[in-house]
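>>> Give me a model of this one.
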Amino acid sequence: MRAVVFAYHNVGDRCLRVLHARGVDVALVVTHRDRPDENIWFRRVADTAAELNLSFIYGEDPTDPALAEAVRAAKPDVIFSFYYRSMIPADLLAVAPQGAFNMHGSLLPKYRGRVPVNWAVLRGEEETGATLHAMEAKPDAGYIVDQTSVPILPDDTAGEVFEKVTVAAEQTLWRALPAMMAGQTPKRPNVLSEGSYFSGRKPEDGRIDFSQPAAAVYNLIRAVAPPYPGAFTDIGGRRFIVAQARRLEPSSVPAGLQPGLHVVDGRIVAVGGDGGAIRVTQLLEGPNADNASPVSVQVFQNIITAKS
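Take a look at the predicted model:
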């Protein structure tokens, strides 16, 4: 099997290694350059390709005629996409006679679209996973080849779940490849009506609405905790990011506290609209989690005292 691989991020790194280990002839790797505004907390696929002695190019725009020509020149049997950021056009997918396949970070048909791990944590799911599926013009809509589930524990952050999903992606591809290489690719229906689609998220989506129940506030904190931008609130013109937290029993804080951040018994506590409480174990001050400094309990007490 000869392949062209579009890949990025940790899933791209691990799945590229799986292809190499299974003996797939990777003719070309297409990846992204680092963006200057990006927090690079993940592995670079270009480094992986160089380590494995594979040819690679940078391709930000899959509609670029030069990129399309490079893919055609590689004469792939299959095309793989592993966390490549852009949709690959249908005419480019058609270059591969044995099909084009994507690794998606959810249990399709659930959570089609962007940042599926973050959405799953935000919505309080207890399970997610990785799905290898055929690519079509419509995102995450082709038949399912294989998938692997992982649990989302009650205190898992999206970063921790993403680590599990990366392993699930590796396992899924490793298991699926022998049949694919033998020309017997499994095909399971991807029933879109039984699933869901979500768009991308922006840093502003991390703003905490303390009128929401504490469980929803806690899910938001987990869903965007570092290495993502972080859940935040503004107090007196200053931005505070809740980087780490844990749920508290309602009886552990005084009744009647207004929704928002407080200092109670030497702890920073977030109170939701239902009176539920969350202990903030790391509070940062700054524009985002990448450019912020820790705030101690005493300093935060002084800030909210001065504001009041």
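
>>> Please make it C-alpha for all contacts and neighbour counts, starting now.
Will do.

>>> Strands along the stretch 201-308 of the chain, start to end?
231-235, 238-248, 260-264, 267-271, 277-285, 293-294 (DSSP state E, counting those that start in this stretch).

>>> Out of the ones you listed, which is closest to Gln212?
Set against Gln212 and scored by C-alpha to C-alpha, the strands of the stretch 201-308 of the chain come closest in strand 267-271, at 9.5 Å.

>>> Pull out the buried residues from the closest one.
268-271 (16 or more other C-alpha atoms under 10 Å).

>>> returning to what we had before: could you dump the strands of the stretch 201-308 of the chain into CSV with distance to Val115 added?
Shown next, in CSV, are those (distance: least, C-alpha to C-alpha, whole Å):
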stretch, distance to Val115
strand 231-235, 16
strand 238-248, 19
strand 260-264, 27
strand 267-271, 26
strand 277-285, 24
strand 293-294, 26
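
>>> Tell me which of those strands sits nearest to Lys307.
strand 231-235 (8.1 Å).

>>> can I get the buried residues of strand 267-271 in a markdown table with distance to Phe6 and pLDDT?
Formatted as a markdown table, the buried residues of strand 267-271 follow (distance: C-alpha to C-alpha, whole Å; pLDDT from 0 to 100):
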| residue | distance to Phe6 | pLDDT |
| --- | --- | --- |
| Ile268 | 44 | 97 |
| Val269 | 44 | 97 |
| Ala270 | 42 | 97 |
| Val271 | 44 | 96 |
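
>>> so which of these would you say is closest to Tyr83?
Ala270 (34.7 Å).

>>> Report how many residues lie close to Gly266.
For Gly266, the neighbour count with other C-alpha atoms under 10 Å is 10.

>>> same check, this time on Pro186
So Pro186, with other C-alpha under 10 Å, has 13 neighbours.

>>> do the same with Thr185
Counted with other C-alpha under 10 Å, Thr185 comes out at 17.

>>> got a list of what Leu173 touches?
Leu173 makes contact with 15, 18, 132, 146, according to C-alpha atoms under 8 Å, 6 or more residues apart in numbering.

>>> Am I right that it falls within a helix?
Yes - according to DSSP: H, G, I helix; E, B strand; the rest coil, Leu173 belongs to a helix.

>>> Could you tell me the per-residue confidence at it?
Per-residue pLDDT puts Leu173 at 98.

>>> any idea how far Ala21 is from it?
As judged by C-alpha to C-alpha, to the nearest Å, Leu173 and Ala21 stand 11 Å apart.

>>> Repeat that for Asn118.
Taken as C-alpha to C-alpha, the span from Asn118 to Ala21 is 30 Å.

>>> quick one, which of those two is more surrounded?
Neighbour totals were compared for Asn118 and Ala21, and Asn118 leads with 25 against 10 (other C-alpha under 10 Å).

>>> wait, what's in contact with that one?
Asn118 neighbours (C-alpha under 8 Å, 6+ apart): 158, 223-224.

>>> Likewise for Ala168?
So Ala168 contacts 129-130, 147-150 (C-alpha under 8 Å, 6+ apart).

>>> go again using 10 Å as the cut-off
Ala168 sits next to 11, 105-106, 128-131, 147-150, 162, 174 when contact means C-alpha atoms under 10 Å, 6 or more residues apart in numbering.

>>> For the helix or strand where it lies, list every residue counted as buried.
If you go by DSSP states H and E, Ala168 is part of helix 158-181. Of all the residues in helix 158-181, those buried under the rule 16+ other C-alpha under 10 Å are 158-162, 164-174, 176-177, 180-181.

>>> Relative to the whole chain's centre, how far out is the helix or strand following it?
For helix 158-181, the succeeding helix or strand toward the C-terminus, using DSSP H and E, is strand 197-198. Strand 197-198 sits 13 Å away from the centroid of its parent chain (C-alpha atoms, centre = their mean, to the nearest Å).

>>> packing partners for strand 197-198?
Helices and strands touching strand 197-198, by 3 or more C-alpha pairs under 10 Å, 6 or more residues apart in numbering; DSSP states H and E, are strand 112-113, helix 116-122.

>>> Nearest to Ala100 among those would be which one?
Among the helices and strands packed on strand 197-198, strand 112-113 sits nearest to Ala100 (C-alpha to C-alpha), with 17.2 Å.

>>> strand partners of that closest one, parallel vs antiparallel please.
Paired strands of strand 112-113, with direction, are strand 197-198 (parallel) (DSSP bridges).
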